[in-house]
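Enquirer: coords please:
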Amino acid sequence: MEFFLHFLFGFTVAVIGLLIPGLLNMTAAKISMNEGRRNALLFSLGVITIVAFQTWIALLFARFLDQRPDLIGILQKIALGIFICITVYFLFLAKDPRGQNTDGVHKSKKRRFFLGLFLSTINLFPLPFWVYMSITFSAFGWFDFTKSFIALCVIGSALGTLGMLVLYAQFFNHFKNKKKVPFNVNHIIGGITAAISVATVIKIINDSL
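Expert: Residues are numbered from 1 along each chain as shown. Model prediction:
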């Protein structure tokens, strides 16, 4: 059961990280609309190759930090402030992405697999994101930094990333001839970061009692 939960953790965190429209998922959507699903899949395979490596590196670093409780408390407070700011931004300040198109997405004539490798390499957001998420879940006793669990988490991360890229490609293919998508994705992101912020506040309060 614990093996499945660590795989599910990797899958879920990867999905959360790609919910917001960004360079990787919007590029996959653009390639799918202009060049077909095969090229979009090749691009996605390039992306998840790097994502798996980034997840592995982040979890190893998180395992080191997990052995330093004095640093964990400081990082949790810093991360809490960041997530609160992100929540406020996406719920109240961010522009509604509905109706925006993907015409400005980077386009290259290189092989799509290597484009996926390149864009994923310069996208460094997953590193601190995975460090924070794994340390937070470890503090609640929901994540273990053993080698086998890290490996399962990395696999889950790769498959979750692939699933989200494919979903974006399919989703924007469906709505490419319509004026806008039916919901505001910013509210989804804001809700998720708000839930993480609340959980972090509870953990900090419990630790201080």
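
Enquirer: what pLDDT does residue 157 get?
Expert: The per-residue pLDDT reported for residue 157 equals 94.

Enquirer: pull the distance from the helix or strand encompassing it to the chain's centre.
Expert: Element membership for residue 157, per DSSP states H and E: helix 147-175. How far helix 147-175 lies from its chain's middle: 9 Å, per C-alpha atoms, centre = their mean, to the nearest Å.

Enquirer: mind listing what's buried along that helix?
Expert: By neighbour count on 16 or more other C-beta atoms under 10 Å, the buried set for helix 147-175 is 149-169, 172. C-betas here are computed from N, CA, C, even on glycine.

Enquirer: helices of this structure, start to end?
Expert: Taking DSSP state H to define them, one finds helices in the chain at 2-17, 23-35, 37-66, 69-88, 112-122, 126-139, 147-175, 185-208.

Enquirer: for the third one, the averaged confidence score.
Expert: When you say that, I think you mean helix 37-66. Mean per-residue pLDDT for helix 37-66: 90.

Enquirer: got the angle between that helix and helix 2-17?
Expert: Using axes from the mean of the first three to the mean of the last three C-alpha atoms, to 10 degrees, the inter-axis angle of helix 37-66 relative to helix 2-17 is 110 degrees.

Enquirer: also the shortest one?
Expert: Per the same axes, to 10 degrees, the angle that helix 112-122 makes with helix 2-17 is 90 degrees.

Enquirer: not counting its own residues, what contacts helix 112-122?
Expert: Outside helix 112-122, the residues that touch it by C-beta atoms under 8 Å, 6 or more residues apart in numbering are 23-24, 27, 31, 35, 39-40, 42-51, 54, 106, 108.
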